[in-house]
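Q: please find the sequence and the predicted model below.
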Amino acid sequence: MPKRKGKGKSPSASQIKRPKIEHKTVTTTVSEYERKRIENIRKNNELLAQLNIAQAREDLSSFSLTRKPTIKPIRMKVEKVKEDLPRRQSLRIRKIEPDGITKLPDPVPSISTVVQQPRHRGKLEMNAANDVEEEDSKVFLDELAGLMSKDTKSITKKNIIIEKTFDSSRYSKLLVKENHVAKVVPQRVYSIQFHSIQSKALLFVGDKLGRLGIWDINSKKENNIIIYEPHTKPIINMAFDPEDQTKLVTASYDGIIRCADFSKEVFDEVLALDEDDFYFTYFGFGTPSCHTVLAASSDGQVRIVDCRKKGHSCPHYQLHDKAIKCLDVNPQRPNMFLTTTNKGQIAIWDIRNIKGPSSYLSIIERSRSISSAFFSPQTGQQILATGLDNFVTVNEVSLTGLISHPPSHMYRHDNFTGRWLATFHAKWDPKNEKYFAIGSMKYPRQLDVFSTERKGGPLIELWHENFTTITSRIAFHPTLNIIAGGNSSGKVFVWSE
């Protein structure tokens, strides 16, 4: 067998033959510049050797400086004693006059331009307060008494015919004529009422200072407005006696209820509360007889006032702990009436069974004050309420006096009139209780008419170029297609066909 290559012993290092390398001497020529550089290096080294720099460097590197740790002393915190200095005050606060300045004279107390007149007591004659001749005033009152004394039973029958033929299209025919805008009273309108006669459109307006303005709207005479002063504070409510249309009953914040007898041309005092104590806020006819009114006052009481017994004391009931805002009597059930309060309450009562504040038939509450609430004028089965919660609502009322809640109709409406306007009072149309109207804050100025058959917004928004204001208080004519509204300056705007 042939021997495998590579299986023998490897040669040692001495046995390996290395190739011979021949060193050839390379001769290089050094330039002049290189010789000078080498010479300079040599001289520098000699200089360093003479200065003994290398030895100093070695000595310095061998020397190491060890620093001892330093301990910082703990300092005691010394609290500075604060000196109690007097509080700095200006000269004005110290009531010291600065040097060199003349002291101003003491301010003169301002005198109010509104003179608080003492309220009128007793019987008052009907003397005109505006610029009207006495003879013209006498003729006006005689004519007025003659018209009012006419039999009004036929008017009640005609109401039924008008109600059947009345529809919403009649509102769209209304406009404000130039001669149907007048300043009837000097100050803000608080109450407004039409007389029921049809031969003349007679409007009665009460203002902030207790003045009563009478406007013969369609008269062509120059002096078709006469103003009287039966009260000294706002006339908050007025209504004609259902049995005698020549008598107008008024209630005022001066705490007096008066009866204007146009046949006798006097203002009789029916009832007066204690002066500067409380005041009347609203009243309604019909409970318990047609000659009596239920009068609400600022102390939360309701009084039964007989207009025939002038100046006599009357029974009263404490129904609320604070002022009553509005009162209304049910037209079909005169024993039933409602009251509203600043707390948002609407309560129904039975005059035959009042024992205290908790003897109501039913009560509901809303979040804000209820400015007004009125029974529907024909059936009395609905309540129209205006609240500061920016809603106008219609609630159903049962025969037993139970109020439906939530309301059957709820309309969002801006009722925040502010301090310079009277609050809104939504009013039913007496000719058809499906409709009601209320003033509006919208611009351009308008009057909102709603229908209970419509659950959205207003049925009609009445506006006209001659209607340029916000009418907080409005009134429907009982038989004619006329609406009147009064503003905060005493002006009245009449909508007619």
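A: Yep, it's here.

Q: ok, then the element right after the helix ranked longest in the chain?
A: Taking DSSP state H as the criterion, the chain has its longest helix at helix 32-51. On the C-terminal side of helix 32-51, the closest following helix or strand by DSSP states H and E is helix 53-62.

Q: which residues are in contact with the longest helix of the chain?
A: Residues outside helix 32-51 that contact it (C-beta atoms under 8 Å, 6 or more residues apart in numbering) are A54. To be clear about C-beta, it is placed using only N, CA and C from the backbone, and glycine gets the same treatment.

Q: restrict it to CA atoms and write it as CSV.
A: Taking Å, rounded to 0.1, in the frame of the first residue of the first chain, the C-alpha atoms of helix 32-51 are listed here in CSV:
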residue,chain,number,x,y,z
GLU,A,32,19.4,72.3,2.9
TYR,A,33,16.0,73.0,4.5
GLU,A,34,16.0,69.6,6.2
ARG,A,35,19.5,70.2,7.7
LYS,A,36,18.4,73.5,9.1
ARG,A,37,15.3,71.9,10.7
ILE,A,38,17.3,69.2,12.3
GLU,A,39,19.8,71.8,13.6
ASN,A,40,17.0,73.8,15.2
ILE,A,41,15.6,70.7,16.9
ARG,A,42,18.9,69.9,18.4
LYS,A,43,19.4,73.5,19.7
ASN,A,44,16.0,73.4,21.3
ASN,A,45,16.7,70.2,23.0
GLU,A,46,19.9,71.5,24.4
LEU,A,47,18.1,74.6,25.7
LEU,A,48,15.5,72.4,27.5
ALA,A,49,18.2,70.3,29.0
GLN,A,50,19.9,73.4,30.3
LEU,A,51,16.6,74.7,31.9
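
Q: off-centre distance for that helix?
A: 106 Å (C-alpha atoms, centre = their mean, to the nearest Å).

Q: repeat for stretch 410-430
A: 11 Å.

Q: any idea of the mean pLDDT for that stretch?
A: For stretch 410-430, the mean pLDDT works out to 95.

Q: same question for stretch 142-157.
A: 64.

Q: same deal with stretch 73-84?
A: 77.

Q: then stretch 439-446?
A: Stretch 439-446 comes out at a mean pLDDT of 95.

Q: ok, stretch 328-337 next?
A: The model assigns stretch 328-337 a mean pLDDT of 94.

Q: endpoint to endpoint, it covers what distance?
A: Taking C-alpha to C-alpha, to the nearest Å, the first and last residues of stretch 328-337 lie 6 Å apart.

Q: quick one: buried residues of it?
A: By neighbour count on 16 or more other C-beta atoms under 10 Å, the buried set for stretch 328-337 is D328, V329, N330, P331, R333, P334, M336, F337.

Q: so which residues make contact with it?
A: So stretch 328-337 is contacted by 282, 284-288, 294, 302, 327, 338, 348-352, 361, 373-380, 397, 399, 401 (C-beta under 8 Å, 6+ apart).

Q: make it 6 Å
A: By C-beta atoms under 6 Å, 6 or more residues apart in numbering, the surrounding residues in contact with stretch 328-337 are 284, 286-287, 294, 338, 349-352, 374-375, 377, 380, 401.

Q: by neighbours, which of the residues you listed wins?
A: Most neighbours among the contacts of stretch 328-337, by other C-beta atoms under 10 Å: L338, with 27 neighbours.

Q: where are the low-confidence patches of the stretch 1-150 of the chain?
A: Scanning the stretch 1-150 of the chain with the threshold set as pLDDT under 70 gives 1-29, 62-68, 100-104, 109-116, 150.
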